[in-house]
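Novice: Provided below for reference: sequence and predicted model.
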Amino acid sequence: KETGRNRSNFLDFKDTTLAMFPLRPSNLFSTIVIMCMMMWLSRAQTWDKAERDLVLNAHNDIRASLGGCRINKLEYDTLIEEKAKVWAELCKFKHGQGDGYGENLALSTAPKDTSRLILQQVDQWATENKTYTYPSTKWDKAGHYTQMVWAKSEKLGC
């Protein structure tokens, strides 16, 4: 018995991603598979020691290039990594709500070579130094860079 609903539009998700796409029963399965693949691909990864060392060394090299004796050498912190992973798995590409951690966010569709991706992203953040002149307090265009070289920072987790 019909309940007043069009049978060809049997999904009624008003506030979901599916609501944006008109689905017919014939392509419903492929849409769900694609959405599951997108969710799987967007999951945060836990890095191995080599990747952790790579991002840590890249940050420390940039910090050391500034020549300041008061710039702390960063140490990798797996607790910060876990917080970053939990945040990334929420799939909200925005900064957190002031939990005391500085954040640099990155989103990429780069190849599977994680090492290359790490170096590209760190380099992209570092190039913001061209838009910042110390002691300016205007870092709106260099926020990633100033976060990387903040002298009192001691730990890093990704």
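Specialist: Ah, there it is.

Novice: what ranges do the helices span in the protein?
Specialist: 25-42, 49-65, 78-89, 114-126, 143-149 (DSSP state H).

Novice: And for L74, the neighbour number?
Specialist: For L74, the neighbour count with other Cβ atoms under 10 Å is 18. Where you see a C-beta, it was placed from the backbone N, CA and C, and this is true even at glycine.

Novice: just checking, E154 touches I71?
Specialist: No - counting by Cβ atoms under 8 Å, I71 is not a contact partner of E154; they are 10.5 Å apart.

Novice: more crowded one of those two?
Specialist: I71 (18 against 10).

Novice: Could you list which residues are in contact with the closest residue in space to the more buried one that isn't next to it in sequence?
Specialist: Leaving aside its chain neighbours, I71 sits nearest to A151 (4.6 Å; criterion: Cβ to Cβ, 6 or more residues apart in numbering). By Cβ atoms under 8 Å, 6 or more residues apart in numbering, the residues touching A151 are 68, 70-72.

Novice: Model confidence score at A151, please.
Specialist: Note on A151: pLDDT of 82.

Novice: repeat for K73
Specialist: 92.
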